[in-house]
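Visitor: build me a model:
(one chain, ligands or ions: 1)
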Amino acid sequence: MTSHSVNYNLEDRSTKDDAWYKCGVVLEHENRLRVKFKNLVQPSNDEVFSVSDFSSNDEIDIFRRRFRPESEPVGEDECRKVAEGVMVSAVGLDDKQLRYFDAIVDAVCHKEHTPKKCLCTYFLYWQHGPEEGIITEANLDDIHLIKHGPVDPTVVNFTKLIKEKIKVKSASFEFTLIPKNTNISKDTSSNETITRPQEIGSAGNGSHVGLSAGKELEGEKETKPYHYIILENLEKDLCPLLMTDFIREQTLITAQAYVFPSLLLETYTRGVIMVDDETKLKKIYEFINNPNQLIVSSSGRPWVLAEDELRNGAFNTNLQRFQPKYKSCSTKNDLMVVRLGTEEYAKAKELKDLYLMFRNHLNGLLKRLVMEEEKITRAH
Ligand SMILES: [Zn+2]
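Guide: Model prediction:
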């Protein structure tokens, strides 16, 4: 494979130093994906993945998230695009090497300047890399705009090949949101079919995850403190996995998500995003609450925070068992960020305002209900 035939249209997030590197991919022999790095073209620097390296959907997800479309430099006359709250890719400051990490634009100091040379100063809040958690100053030259969109079809085709292989290998394996238990795969030899017969409901001999089913239901054990926020106005058929993928893509935080069943009359539903750490939740909250953008489904329905509060509490970790079962995440219900100033944003904002108006009515009625209930209770 000659390097000049490679289309360097992707970025790969390295597992070694967590930085993003420009790369291109080539499918070889219908079962291998070769990742070539733009600045390290010698074949010895390539990373090669084989279909047989993967054995679960989780692994495919992790692999898919390594890649995204190549981020783009910003034109000197387009500096207004780098607005407060936008996630950008920027040059890490720790060394001479050009390594890119993600950062949120915390503040912008605009200056009058010609369209030829931007003189603005940007303050970046680093999301990972050596500067993680701190704010540093940057120029426009240091910043690339992250592109959100489909990655190179070669990556997609490769993941399809893996999925087909996994499907054949474990036809009876059904995906659930049970936290990954390493013992299950370790104790099972690689060519055995993995089945989890007691996955849903059955209180029989459910001790394979190291818990008795009885205890799980009583909530006596395996409770963990969680930090969470409640969301409203979600699509009724939103898949929690899609939520967690989206959150991870946008904030680099691994969260858990649950979507609750809704009433038949309701056109929306509620859900929860949970993490094990308050700082992580704050980041997610800031992302969802960013006034420069809204999160919408493909039909345009905007996410709404149910309360302006970060909550915490213990949850039975097997609460997931009561999650409606999703066979697969349909692409029908995609999630995206729409930015202030766009037509999509204007529509989403109108829908959000309408929803908030409705909810205020509802909250008024709820207060009334509490009062009326108290009256009856006191009278008896
Ligand atoms: Zn500027």
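
Visitor: so Ile273 belongs to a strand, correct?
Guide: Yes: assessed by DSSP: H, G, I helix; E, B strand; the rest coil, Ile273 belongs to a strand.

Visitor: buried ones in the longest strand belonging to the chain, by neighbour count?
Guide: Scanning the chain for the longest strand, with DSSP state E as the assignment, gives strand 223-234. Residues of strand 223-234 classed as buried: Tyr226, His227, Tyr228, Ile229, Leu231, Glu232, Asn233, Leu234 (neighbour count, 16 or more other C-beta atoms under 10 Å). In short, each C-beta sits where N, CA and C put it, glycine included.

Visitor: could you dump those to TSV with pLDDT?
Guide: Compiled in TSV, the buried residues of strand 223-234 are given as follows (pLDDT from 0 to 100):
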residue	pLDDT
Tyr226	87
His227	92
Tyr228	93
Ile229	94
Leu231	96
Glu232	96
Asn233	96
Leu234	95
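
Visitor: which phi and psi does the closest residue to the ion within the stretch 251-380 of the chain have?
Guide: Residue of the stretch 251-380 of the chain nearest the ion, by C-beta to the ion: Gly341 (16.8 Å). Main-chain dihedrals, Gly341, degrees, to the nearest 10: phi 100, psi -10.

Visitor: now do the contacts for it.
Guide: Shown in contact with Gly341 (C-beta atoms under 8 Å, 6 or more residues apart in numbering): no residues.

Visitor: please apply the same query to Ala19.
Guide: Residues near Ala19 by C-beta under 8 Å, 6+ apart: Arg13, Gly92, Arg99, Tyr100, Phe101, Gly129.

Visitor: from Tyr122, how far out is the closest residue to it other than its chain neighbours?
Guide: Once flanking residues are discounted, Ala19 sits nearest to Arg99: 3.9 Å by C-beta to C-beta, 6 or more residues apart in numbering. Separation of Arg99 from Tyr122 (C-beta to C-beta, to the nearest Å) stands at 18 Å.

Visitor: same drill for these two, tell me which one is more crowded.
Guide: Per other C-beta atoms under 10 Å, whichever of Arg99 and Tyr122 has more neighbours is Tyr122, with 26 against 19.

Visitor: the more buried one reaches Val105, doesn't it?
Guide: Yes: if you go by C-beta atoms under 8 Å, Tyr122 and Val105 touch, sitting 5.9 Å apart.

Visitor: what do those two both touch?
Guide: Common neighbours of Tyr122 and Val105 (C-beta under 8 Å, 6+ apart) are Val82.

Visitor: near the ion, which residues of the stretch 101-250 of the chain are found?
Guide: The stretch 101-250 of the chain has residues Cys118, Cys120 near the ion, with proximity defined as C-beta under 5 Å from the ion.

Visitor: any low-confidence regions in the stretch 101-250 of the chain?
Guide: Applying pLDDT under 70 to the stretch 101-250 of the chain flags the ranges 169-224.

Visitor: kindly recompute the last result at 80.
Guide: For the stretch 101-250 of the chain, the stretches with pLDDT under 80 are 148-149, 166-224.

Visitor: all helices for it, in order.
Guide: 153-169, 182-186, 213-218, 240-251 (DSSP state H, counting those that start in this stretch).

Visitor: would TSV of those helices with distance to His380 and mean neighbour count be doable?
Guide: Converted to TSV, the helices of the stretch 101-250 of the chain look like this (distance: least, C-beta to C-beta, whole Å; neighbours: other C-beta atoms under 10 Å):
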stretch	distance to His380	mean neighbour count
helix 153-169	61	16
helix 182-186	54	10
helix 213-218	33	14
helix 240-251	43	20
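
Visitor: and these as TSV, adding distance to Asn312?
Guide: As requested, the helices of the stretch 101-250 of the chain are exported to TSV (distance: least, C-beta to C-beta, whole Å):
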stretch	distance to Asn312
helix 153-169	36
helix 182-186	27
helix 213-218	21
helix 240-251	18
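
Visitor: for Arg68, see how far away the closest residue to Thr254 other than its chain neighbours is.
Guide: Nearest non-adjacent residue to Thr254, counting by C-beta to C-beta, 6+ apart: Arg248, 5.6 Å away. Computed with C-beta to C-beta, the distance linking Arg248 and Arg68 is 12 Å.

Visitor: same deal with Lys22?
Guide: In terms of C-beta to C-beta, Lys22 sits 11 Å off from Arg68.

Visitor: neighbour count: those two, which is higher?
Guide: Ranked by neighbour count (other C-beta under 10 Å), Lys22 and Arg68 place Arg68 first, with 21 against 18.

Visitor: could you chop this structure up by domain?
Guide: When the chain is parsed with automatic domain parsing, its domains come out as 3-69+151-169, 73-145, 221-361.
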